[in-house]
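J.: The following block contains a protein sequence and its predicted model.
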Amino acid sequence: MENSQIAEIFEEIADLLELRKDNEFRIRAYRNVAQSIRSLSARIEDMVEHGESLSQISDIGSGTAEKILEILERGTTQRLEDLRKTVPKGLTTLMRVPGLGAKRVMLLNQELDVSSLEGLKRACEAHRVREIEGLGEKTEEKILRGIATLESAGGRVLYTEAAEQLDSLSAHLNKIEEIERWEVAGSFRRGQETIGDLDILIRAKDREKTSDRILQYRPIVDVTSRGKERLSVRLENGLQVDFRYFDPPSFGTAWLYFTGSKAHNIKLRRIAQDYGWKLNEYGLSKGDRRLAGETEESVYERLKLSWIPPEMREDAGEIEAAREGRIPQLVEIGDIRGDFQSHTIASDGRNSIEEMANAARKLGFSYLAVTDHSKRVTMAKGLDDKGAKKHASAIRELSEKLPRFWLLAGIEVDILKDGRLDLAEETLESMDWVVASVHYDRAMTRKAMTERVVRAVKSGVVHCLGHPLGRIIGKRDPIAVDIDQVVEACVENNVWIEINCQADRLDLPDNYCRAARSAGARFVLSTDAHSTDGLRRLPLGVMVARRSWLTKEHVLNTRSIAQLKKALRRS
DNA sequence: GCCGTTTTCGGCCCGACTGTTTTCAGTCG
């Protein structure tokens, strides 16, 4: 069972308790448990298997630890089952409608006997909601909009989609003279793989005028709220954007506060409290006296912490690291010199070797690995031994003509069902760069899949394990594999682990990368480009790397050609 | 229900906005 599934169970318990008007701190404790499990870098099931104690995880006490064991064994916990019996089915779904919390859901259920999205929609359309005391016409409309949002977007969008929206929005913001400064915060700034909404901080001469000008932005379809401090809108693609106004003295604390994560903020607040101070979005203060607030750095410094890069702010040990001066020098896009997976018209790519090489050089790369598919991947016209060798020759021939640039003759070889590789050992040995990936037969037991991948890693001819989990965000679940064992095999056999930069892959994901890093793993960033455009994706991988606490040393793409040749020398 | 350099009890983040109400509850981040 995956951490996210376990987290959902605790989230549901919290929802049910809230509907029952249970103790608010107990409810919060359950939500903290869910959050804590989600941000964990290790798999809970593996931890239990390895005999590690669960109560060492923050927010998880002995009671919760017991429930987790029960969940792993039975797939559920008695606590949840008992609670479900006391609350009408479907009410937890209603709580996900924006604008509805436990109290209103309960009220709607009691007054109108509503317990499904469909039923709630009908009640709104029949104007029965406005008849309830405390609710009105506007609430009814808001609920209908909320249901529509829930049904269409379902919440989060890929990072790249948010980035596109922000690009276009920033052009609009930059034209507004009243705006003196604006910055993006939230999960976008932390580089999360999916984004729930965009948070934008604004310093402006005239807030009213600025809001008016912002609302001229054409893609805005709905204004959720508008006040002196905040303007919330929804764009036509469903993305919510929150604009918040701040003045210079508090801009730093506001940026910190709205960048989050929530868990990181709470911990900072506790530290401030320990000093007898107060930290909120308006500043760090002692009584009426202001201690810091203009910049993020000033706040961290006052709390005796070094500045923490936004990508690390998840309360995953970064605060302790900052206190001890152990914040790593994270890898940056400027450190990256090349790319380790790309495809051409030889298999399923759209451009020739030459076009890919030229595009890579234009982007400033020093090297590019051309790694077309092997024969098993028939729908991509994968290469057999003969084809692969011929392709390698063509790659090398072109490479020799290119000054100060190396085209690595490579292959993305398929890991077959039994863990053997799809091409002859001799063919693979002749390659400069071999990426091995699972594409087919994904439905296997965890044990069999682990053995399969580990066997490939141990083959002695593989340089890199490609997209290790094989997930597509929001579309395809990861393969069932013991990633700890796979990482261990990679470390022992000097196999690099890929961070695939495709926007909906980002695989290996950051939480697993962080654990793999601790286990001694080394990584490569790969665009997995199937066209010249795809080569532009490396920043996405850098984002994942930074969220995984990786430095230049951990990432092979930071090496020069000479260093790379040395690192790849076959023994 | 969790947590502890205020440690086994007594706290637990808190301010903005909306809608509905006439002083505030509910929701959100």
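T.: Sure, I can see it. Numbering: from 1, shown residues only, chains lettered A, B, ... in the order given.
J.: switch to C-alpha atoms for all contacts and neighbour counts from now on
T.: Fine.
J.: Counting by contacts, list what the helix or strand where residue A:371 lies packs against.
T.: Assigned by DSSP states H and E, residue A:371 belongs to strand A:367-373. Strand A:367-373 sits against strand A:338-339, helix A:353-362, strand A:406-414, strand A:433-437, with contacts defined as 3 or more Cα pairs under 8 Å, 6 or more residues apart in numbering; DSSP states H and E.
J.: So for residue A:538, which of the ones you listed sits nearest?
T.: strand A:338-339 (7.9 Å; Cα to Cα).
J.: Show me what that closest one is in contact with.
T.: A:365, A:366, A:367, A:368, A:369, A:525, A:526, A:527, A:535, A:538, A:557, A:558 (Cα atoms under 8 Å, 6 or more residues apart in numbering).
J.: show me what contacts residue A:207?
T.: Going by Cα under 8 Å, 6+ apart, residue A:207 touches A:228, A:245.
J.: State the pLDDT value of it.
T.: Looking at residue A:207, its pLDDT reads 93.
J.: I'd like to know how far it sits from residue A:327.
T.: Per Cα to Cα, to the nearest Å, residue A:207 is found 37 Å from residue A:327.
J.: which of the contacts of strand A:338-339 sit farthest apart?
T.: The widest separation within the contacts of strand A:338-339 (Cα to Cα) is 16.1 Å, between A:535 and A:558.
J.: Just the closest residue of chain A to DNA strand B, please.
T.: residue A:136 (2.4 Å; Cα to the nearest atom of the strand).
J.: correct me, but that residue touches residue A:128?
T.: No: between residue A:136 and residue A:128 there is no contact under Cα atoms under 8 Å: 9.6 Å.
J.: out of the two, which sits in the more crowded spot?
T.: Ranked by neighbour count (other Cα atoms under 10 Å), residue A:136 and residue A:128 place residue A:128 first, with 17 against 14.
J.: give me every residue that touches the nearest residue to that one once chain neighbours are set aside.
T.: Using Cα to Cα, 6 or more residues apart in numbering and skipping residues adjacent in sequence, the residue nearest residue A:128 is residue A:112, 7.8 Å away. In this structure, residue A:112 makes contact with A:123, A:128, A:129, judged by Cα under 8 Å, 6+ apart.
J.: possible to save the residues you listed as CSV with distance to DNA strand B, secondary structure and pLDDT?
T.: Listed next are the contacts of residue A:112 as CSV, based on distance: Cα to the nearest atom of the strand, whole Å; DSSP: H, G, I helix; E, B strand; the rest coil; pLDDT from 0 to 100:
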residue, distance to DNA strand B, secondary structure, pLDDT
A:123, 14, helix, 92
A:128, 12, coil, 91
A:129, 9, helix, 91
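J.: For stretch A:96-113, list every residue counted as buried.
T.: A:96, A:97, A:98, A:100, A:101, A:102, A:104, A:105, A:106, A:107, A:108, A:109 (16 or more other Cα atoms under 10 Å).
J.: any weak-confidence spans in the stretch 401-550 of chain A?
T.: Filtered on pLDDT under 70, the stretch 401-550 of chain A yields the residue ranges A:475.
J.: just the helices in it please.
T.: Ranges of helices within the stretch 401-550 of chain A are A:425-429, A:446-457, A:483-492, A:510-518, A:538-547, based on DSSP state H, counting those that start in this stretch.
J.: Over to the stretch 201-350 of chain A?
T.: A:207-214, A:248-259, A:262-274, A:296-302, A:318-323.
J.: If I average pLDDT within each of these, which one is lowest?
T.: Taking the mean pLDDT of the helices of the stretch 201-350 of chain A, helix A:262-274 comes last: a mean of 87.
J.: Can you tell me which of the helices of the stretch 201-350 of chain A is most buried?
T.: For these, the largest average neighbour count (mean count of other Cα atoms under 10 Å) is found in helix A:248-259, namely a mean of 23.
J.: Which elements pack onto it?
T.: Right, helix A:248-259 is packed against helix A:186-190, strand A:197-204, strand A:278-280, strand A:283-286, helix A:296-302 by 3+ Cα pairs under 8 Å, 6+ apart.
J.: Mind listing residues that contact the longest one?
T.: With Cα under 8 Å, 6+ apart as the test, strand A:197-204 has contacts from A:156, A:162, A:178-188, A:210, A:239-248, A:251, A:254-255, A:258.
J.: Of these, just the buried ones, PyMOL syntax please.
T.: To isolate the buried members of these in PyMOL, using 16+ other Cα under 10 Å:
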select buried, chain A and resi 156+162+178+179+182+184+185+186+187+188+210+239+240+241+242+243+244+245+246+247+251+254+255+258
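J.: contacts with DNA strand B among the contacts of strand A:197-204, please.
T.: The subset of the contacts of strand A:197-204 within reach of DNA strand B, by Cα under 7 Å from any atom of the strand, is residue A:258.
J.: roughly how far apart are the residue in chain A sticking out farthest from the centre and residue A:123?
T.: Computed with Cα atoms, centre = their mean, the residue of chain A farthest from its C-alpha average is residue A:131, at 42.7 Å. Per Cα to Cα, residue A:131 is found 10 Å from residue A:123.
J.: for residue A:158, same thing?
T.: Applying Cα to Cα to residue A:158 and residue A:123 gives a distance of 33 Å.
J.: One more: residue A:409?
T.: 64 Å.
J.: out of the two, which sits in the more crowded spot?
T.: residue A:409 (25 against 19).
J.: ok, back up a step: output the helices of the stretch 201-350 of chain A in TSV, with distance to residue A:119 appended to each entry.
T.: Compiled in TSV, these are given as follows (distance: least, Cα to Cα, whole Å):
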stretch	distance to residue A:119
helix A:207-214	36
helix A:248-259	36
helix A:262-274	34
helix A:296-302	47
helix A:318-323	46
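J.: Can you get me a residue count around residue A:6?
T.: Neighbour tally, residue A:6, other Cα under 10 Å: 22.
J.: swap that for residue A:21, sorry
T.: Neighbour tally, residue A:21, other Cα under 10 Å: 13.
J.: Kindly report the same for residue A:261.
T.: Residue A:261 has 19 nearby residues by other Cα under 10 Å.
J.: got it, and residue A:345?
T.: Each residue near residue A:345 was counted by other Cα under 10 Å, and the total is 15.
J.: Model confidence score at it, please.
T.: Reported pLDDT for residue A:345: 94.
J.: what's the helix or strand residue A:165 falls within in contact with?
T.: Residue A:165 is part of helix A:159-174, with elements assigned from DSSP H and E. For helix A:159-174, the external contacting residues (Cα under 8 Å, 6+ apart) are A:179, A:188, A:191, A:192, A:193, A:194, A:195, A:198, A:214, A:217, A:239, A:503.
J.: if we go to 7 Å?
T.: A:192, A:193, A:194, A:195, A:217, A:503 (Cα atoms under 7 Å, 6 or more residues apart in numbering).
J.: Filter these down to the buried ones.
T.: Buried subset of those (neighbour count, 16+ other Cα under 10 Å): A:192, A:193, A:194, A:195, A:503.
J.: now for the residues you listed, which pair is the farthest apart?
T.: Top of the distance list for the buried ones among the contacts of helix A:159-174 (Cα to Cα): A:195 and A:503, 12.2 Å.
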